[in-house]
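[1] would you be able to build a 3D model of this:
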Amino acid sequence: MTRPHEEARARVVAAARDLVGVRFRAQGRDPAWGLDCVGLVAVALLRAGADVALPCDYASARGRMPPVTLPAGWRACAGDVAGDVLLCRVSAAQLHLAIRSVDGIVHADAQARRVVARPGAVPWPIERAWRWMPDDRAKGD
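    Here you go, the predicted model:
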């Protein structure tokens, strides 16, 4: 029997995989028009049932991450479990979000111009990671 937080993370991965093939669009928040990395993560989390506030008008190319206050049900983690949200350092000046899957990551690939499932190891250093833990009993996980 799976625990609620495991089911929640499985829903995140399934929602992200459902978005594979959606075209890339900078600042994109609607799969009908296109998604960027923030849009992909936000839409996948919303579809999985997480409470998400969408950031507006940001510039990930600056390579800086403002202080993060995690909402209830979220915690910092190592980013090693399917469903984790990863903040990766693509270059000195660029950060990128992805969702860890069982066999790799799902992310909005600007070069491929679409959302892709990339198997294997994460190709960039992970700066931070967060895990959705909607059930209070999951704190010991």
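
[2] and residue 84, what is it in contact with?
    By CB atoms under 8 Å, 6 or more residues apart in numbering, residue 84 lies in contact with 9, 77, 99, 100, 129, 130, 131. The way it works is simple: take the backbone N, C-alpha and C, and place the C-beta from them, glycine included.

[3] pretty sure the fifth one sits in a strand.
    Yes: counting by DSSP: H, G, I helix; E, B strand; the rest coil, one finds residue 129 located in a strand.

[4] following the longest helix belonging to the chain, which helix or strand shows up next?
    Longest helix in the chain, counting residues (DSSP state H): helix 4-18. Using DSSP states H and E, the helix or strand that directly follows helix 4-18 along the chain is strand 29-30.

[5] low-confidence regions, this protein specifically.
    1-2, 54-71, 135-141 (pLDDT under 70).

[6] that one: strands as residue ranges?
    29-30, 34-35, 74-76, 85-91, 94-101, 104-109, 114-119, 126-132 (DSSP state E).

[7] now these in TSV, with distance to residue 52 and mean neighbour count?
    Listed next are the strands of the chain as TSV, based on distance: least, CB to CB, whole Å; neighbours: other CB atoms under 10 Å:
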stretch	distance to residue 52	mean neighbour count
strand 29-30	11	14
strand 34-35	14	23
strand 74-76	10	15
strand 85-91	10	19
strand 94-101	12	22
strand 104-109	16	23
strand 114-119	17	18
strand 126-132	10	19
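
[8] can you say which of those strands is nearest to residue 13?
    Nearest to residue 13 among those is strand 94-101; the distance by CB to CB comes to 5.3 Å.
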